[in-house]
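Colleague: could you work out the structure for the sequence below:
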Amino acid sequence: MPSRIAAAALTAAGTLALAGAAAFTAGTAQAAPARPEAPPAQRAAVDFTGTVALSNCSGSLVRGPRSRDTDAALVLTNGHCLESGMPEAGEVIVDQRSSRTFTLLDRTGGRNLGTLQATRVEYATMSDTDVTVYRLNTSYAAIQKRYGIPALRLSTARPHDGTPIRVVSGYWRKIYGCDIDATVYRLREADWTWKDSIRYKPECQTIHGTSGSPVIDARTRQVVGINNTGNDDGERCTLNNPCEIDRAGKVTVRRGIHYGQQTYLLARCLGPGSDVVLSKACALPRP
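Modeller: Below you'll find the model as predicted:
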């Protein structure tokens with residue numbers, strides 16, 4: 001199911017397929033408008049700002065719409081990258097202790113700035129989506145003061161088909177660029193099923209190790225998804241070979257195509273203090 005994990009560090013938590021992409025190497029991502037209407041002189045390229053590397057996956061330093069600078073910072077990656085192993089179908093993990101570490105990269109991706117450490121898993125699941133959110137032992141303000149790196153903002157809006165995106169891998173230190181091809185009603189891989197997955201255009205050939213990379217809207221520079229899988233061998237609905245299922249139940253296999261999961265639902269569930277608030281208004285799966 002989940003994305004392909006780093007070749008040199010396969011673990012139980014990282015045996016999923018990672019997205020691939022026509023690789024933009026560090027520092028070569030093409031410039032994109034900061035806003036759709038921005039003139040060329042104001043355009044800024046997506047870089048490695050906010051990107052982290054895990055032992056077997058990629059990830060990012062993120063914050064929600066109601067976060068404060070003094071809140072404990074959050075790191076986002078895939079559910080299948082969880083250090084304790086991949087959650088089972090239907091399993092939701094909250095408030096689990098963790099001491100996992102993350103390598104924070106500079107804007108170019110060429111230098112390690114330091115190590116960030118988790119205190120707990122705030123939320124993790126592979127049901128409906130493929131996500132792990134770690135709470136760190138330091139605040140957004142402290143990270144920016146020490147390293148000069150701000151967190152990436154999570155968009156609260158659904159991404160649209162045709163949106164130009166960048167998939168930024170902290171593990172491989174590569175940026176993949178393409179457009180969103182379509183939104184997939186259901187994506188199934190082995191025992192797991194995800195809703196409203198992002199299908200990339202063929203140019204985004206992400207690879208194992210890119211799992212957990214932020215999918216960034218190249219215009220707004222906000223996170224709209226998280227990279228998680230791709231069909232390696234053309235198999236039907238097997239591990240590392242997800243299949244698409246439409247509303248009528250028709251199954252389609254697209255060999256060599258890669259996918260991510262939308263993150264707007266997570267953004268809407270993040271309350272003050274960096275808490276994932278599983279209220280009635282939150283559409284994320286609950287324990």
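Colleague: so how many other residues sit close to residue 236?
Modeller: Neighbourhood size, residue 236 [other CB atoms under 10 Å]: 12. The way it works is simple: take the backbone N, C-alpha and C, and place the C-beta from them, glycine included.
Colleague: what separates the lengthiest strand in the chain from the chain centre, distance-wise?
Modeller: When the chain is scanned for its longest strand (criterion: DSSP state E), the result is strand 174-189. Here strand 174-189 is found 12 Å from its chain centre; the criterion is CA atoms, centre = their mean, to the nearest Å.
Colleague: check which helices and strands the helix or strand following that strand sits against.
Modeller: Per DSSP states H and E, the first helix or strand lying C-terminal to strand 174-189 is strand 192-200. If contacts are counted by 3 or more CB pairs under 8 Å, 6 or more residues apart in numbering; DSSP states H and E, strand 192-200 sits against strand 164-169, strand 174-189, strand 223-230, strand 258-262.
Colleague: hey, which of the ones you listed is tucked in deepest?
Modeller: The highest mean neighbour count among those, using mean count of other CB atoms under 10 Å, belongs to strand 223-230: a mean of 31.
Colleague: each with direction, which strands does the very next helix or strand once past that one pair with?
Modeller: The helix or strand immediately downstream of strand 223-230 is strand 243-245, counting by DSSP H and E. Under the criterion DSSP bridges, strand 243-245 sits next to strand 174-189 (antiparallel), strand 251-252 (antiparallel) in its sheet.
Colleague: pull out the buried positions in strand 243-245.
Modeller: For strand 243-245, burial by neighbour count (16 or more other CB atoms under 10 Å) applies to 243, 244, 245.
Colleague: chain center to it, what's the gap?
Modeller: Here strand 243-245 is found 20 Å from its chain centre; the criterion is CA atoms, centre = their mean.
Colleague: what sits up against it?
Modeller: 184-189, 193, 199, 231, 236-237, 251-254 (CB atoms under 8 Å, 6 or more residues apart in numbering).
Colleague: the buried residues of strand 243-245 into CSV, with extra columns for pLDDT?
Modeller: CSV is the format used below for the buried residues of strand 243-245 (pLDDT from 0 to 100):
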residue, pLDDT
243, 98
244, 98
245, 98
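Colleague: what's the closest of those to residue 287?
Modeller: Nearest to residue 287 among the buried residues of strand 243-245, counting by CB to CB, is residue 245 at 25.6 Å.
Colleague: list the buried residues in stretch 277-285.
Modeller: Of the residues in stretch 277-285, 278, 282, 284, 285 count as buried by neighbour count, 16+ other CB under 10 Å.
Colleague: can you check stretch 232-249 too?
Modeller: 232, 237, 238, 239, 240, 241, 242, 243, 244, 245.
Colleague: how about residue 76, what does it touch?
Modeller: Taking CB under 8 Å, 6+ apart, we find residue 76 in contact with 59-62, 131-134, 154, 212, 214, 223, 226, 263, 266.
Colleague: quick check: bridge partners of it?
Modeller: Beta-bridge partners, per DSSP bridges, of residue 76: residue 60, residue 133.
Colleague: for residue 229, same thing?
Modeller: With DSSP bridges applied, residue 229 shows beta-bridge pairing to residue 259.
Colleague: separation between it and residue 208?
Modeller: Here the criterion is CB to CB, to the nearest Å. By it, residue 229 lies 10 Å from residue 208.
Colleague: correct me, but residue 182 touches residue 163?
Modeller: No: the criterion here is CB atoms under 8 Å, and residue 182 misses it with residue 163 at 11.1 Å.
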